[in-house]
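Q: fold the following, please.
(one chain, ligands or ions: 1)
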Amino acid sequence: MEPNLLALLACPVCKGPLTAKPHSLACENCRVEFENLQGIPVLLADRAKALEAGGAG
Ligand SMILES: [Zn+2]
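A: The predicted structure is shown next:
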């Protein structure tokens, strides 16, 4: 994903910044991630998936 585009996107829940992952965008504030379908991020609160617990994230 284009870094410039990422800067325009925000978490639909907390409006915070998102972190780009290979196939999703993650919100560290909410500890959730959003699917990225064919380059189109699905930034819907309904579609948020919990980030994996633990790790060095
Ligand atoms: Zn958030």
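Q: for the rest of this, base every contact and every neighbour count on C-alpha atoms.
A: OK.
Q: which parts of the chain sit against the ion?
A: For the chain, the residues in contact with the ion (CA under 5 Å from the ion) are 11, 13, 14, 27, 29, 30.
Q: the third one: neighbour count?
A: What that stands for is residue 14. 11 (other CA atoms under 10 Å).
Q: just the fifth one next, same as before
A: Close neighbours of residue 29, defined as other CA under 10 Å, add up to 13.
Q: show me what contacts the nearest residue to it once chain neighbours are set aside?
A: Ranked by CA to CA, 6 or more residues apart in numbering and with sequence neighbours excluded, the top spatial neighbour of residue 29 is residue 16, at 7.2 Å. With contacts defined as CA atoms under 8 Å, 6 or more residues apart in numbering, the neighbours of residue 16 are 10, 27, 29.
Q: list the contacts of the closest residue to residue 19 other than its chain neighbours.
A: Counting by CA to CA, 6+ apart, residue 19 lies nearest to residue 26, which is 5.0 Å off, once chain neighbours are set aside. Residue 26 is in contact with 18, 19, 20, 32, 33, 34, 51, counting by CA under 8 Å, 6+ apart.
Q: can you put those in TSV and add distance to residue 41, neighbour count and pLDDT?
A: Shown next, in TSV, are the contacts of residue 26 (distance: CA to CA, whole Å; neighbours: other CA atoms under 10 Å; pLDDT from 0 to 100):
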residue	distance to residue 41	neighbour count	pLDDT
18	11	22	94
19	12	16	92
20	10	17	90
32	13	19	96
33	10	26	96
34	7	26	96
51	16	15	91
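Q: adding distance to residue 4 and secondary structure, write those residues out as CSV.
A: Below are these laid out as CSV (distance: CA to CA, whole Å; DSSP: H, G, I helix; E, B strand; the rest coil):
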residue, distance to residue 4, secondary structure
18, 12, coil
19, 13, strand
20, 12, strand
32, 22, strand
33, 19, strand
34, 18, strand
51, 24, coil
